[in-house]
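[1] Build me a structure from this.
(2 chains)
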Amino acid sequence: MLTRLANPARFMRMSGAALPFLTITTVGVLGVGLYLALFVAPPDYQQGESVRIMFIHVPAAIMAEGVYYVIALASFVALVWRHPLADVAAQAAAPLGAAFTLVCLATGSLWGRPMWGTWWVWDARLTSVLVLFFLYLGYIALVNAFDDPGRGARAGAVLALVGVVDLPIIKFSVDWWNTLHQPTSILRAGGPTIDKSMLVPLLIMALGFALLFSTLLLVRMRTALNERKARALRLAAPPRRRGTEIPPAPPDATPALR
Amino acid sequence: MSALQGWADMGGYAGFVWPAYGVALVVLGGIALQSWRRYRASRRELDRAQR
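    Below is the predicted model of the structure:
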């Protein structure tokens, strides 16, 4: 599967076919999720209606970590096997991961103010997620800091792999340290501690966010490949001189990547 | 208070719930829009390069 998709032309063909369905599914699932989150899910017996922030916050937090795993995996594949799409995937994913992390931090803060009585505390969970946000920004900055895109990609991949240490810290921070953030309530031994009436909207929103990420990842990867191809074509084209007509290329000389 | 107003009031947490949904809409909607615009621009650029 991975090696079959290694060919950028094949990737463009398959992702182009998948994109319309993926887009429609994303919009549909997010619509259902938002309806359940805002109208159907009951208020919490302690948090009241403020619990509705969780239907954004928790999926955003899952994606903040999940996207980083995608980048780390893609970086590993890029470094070890030189897969031609791996760097493209990692770089396309990074701004999306940063966006989800920003949403996670902002919504957490908006929930923390009425529930904890503070916008922010420097406890282990919050701080390690803030570090994750800076890892995303650092990765994006580093990749773009080199004139040679290949060197930038390699430096970014190394940073992404080093940054992986932050992920278990985020995950277990609520168990290792005495944090203000509540412990795990979904993926825990003994099953989730959330009632179904809230768990179902939460999982549907999480699915919607994952679909949104997949859609935008494909869009951004296709953008990068289009731009790369356009650049290569322009470099390969003979210099245009005034008054000279360039003969039209044969139709199969440059197969469109769209 | 009508049912709609009661709902929009979010049990007194309107000042926190709606900004949270607003942030998500602005940030995620923003990056979706930016991704889509750049995608369309890249297709136009490729069309031009292929001409």
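[2] so who does the closest residue to residue A:100 other than its chain neighbours touch?
    Of all residues not flanking residue A:100 in the chain, residue A:63 sits nearest, at 4.0 Å (C-beta to C-beta, 6 or more residues apart in numbering or on different chains). Placement of C-beta: from N, CA and C, glycine included. Residues counted as contacts of residue A:63 (C-beta atoms under 8 Å, 6 or more residues apart in numbering or on different chains) are A:97, A:100, A:104, A:206, A:209-210, A:213.
[3] out of the residues you listed, who has the most neighbours?
    Ranked by the number of neighbours (other C-beta atoms under 10 Å in any protein chain shown), the contacts of residue A:63 place residue A:100 first, at 30 neighbours.
[4] hmm, back to that, export the contacts of residue A:63 to a markdown table and tack on distance to residue A:41?
    Converted to a markdown table, those look like this (distance: C-beta to C-beta, whole Å):
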| residue | distance to residue A:41 |
| --- | --- |
| A:97 | 27 |
| A:100 | 21 |
| A:104 | 19 |
| A:206 | 14 |
| A:209 | 16 |
| A:210 | 19 |
| A:213 | 23 |
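[5] Taking those together, which two end up most distant?
    Spatially, the most separated pair among those is A:97 and A:206, at 15.2 Å (C-beta to C-beta).
[6] The residue lying closest to residue A:156 once chain neighbours are set aside: neighbour count?
    Counting by C-beta to C-beta, 6+ apart, residue A:143 is the residue found nearest to residue A:156 once chain neighbours are left out, at 3.9 Å. By other C-beta under 10 Å, 22 other residues sit near residue A:143.
[7] list the contacts for residue A:143?
    The contact partners of residue A:143, taken as C-beta under 8 Å, 6+ apart, are A:91, A:94, A:152-153, A:155-156.
[8] if we go to 10 Å?
    Residues in contact with residue A:143, defined by C-beta atoms under 10 Å, 6 or more residues apart in numbering or on different chains, are A:87, A:90-91, A:94, A:149, A:151-157, A:159-160.
[9] ranking the residues you listed by neighbours, who comes first?
    Of all the contacts of residue A:143, residue A:160 has the most neighbours under the rule other C-beta under 10 Å, reaching 28 neighbours.
[10] Distance-wise, check that one relative to residue A:73.
    Taking C-beta to C-beta, to the nearest Å as the measure, residue A:160 falls 9 Å from residue A:73.
[11] joint contacts of those two?
    Counting by C-beta under 10 Å, 6+ apart, the shared contacts of residue A:160 and residue A:73 are residue A:90.
[12] follow-up on the earlier one: now, among the contacts of residue A:63, which is nearest to residue A:183?
    Looking across the contacts of residue A:63 and measuring by C-beta to C-beta, the closest to residue A:183 is residue A:104, at 17.1 Å.
[13] Nearest residue to that closest one in space, please, no chain neighbours.
    Among residues not flanking residue A:104 along the chain, residue A:60 sits closest, at 4.0 Å (C-beta to C-beta, 6+ apart).
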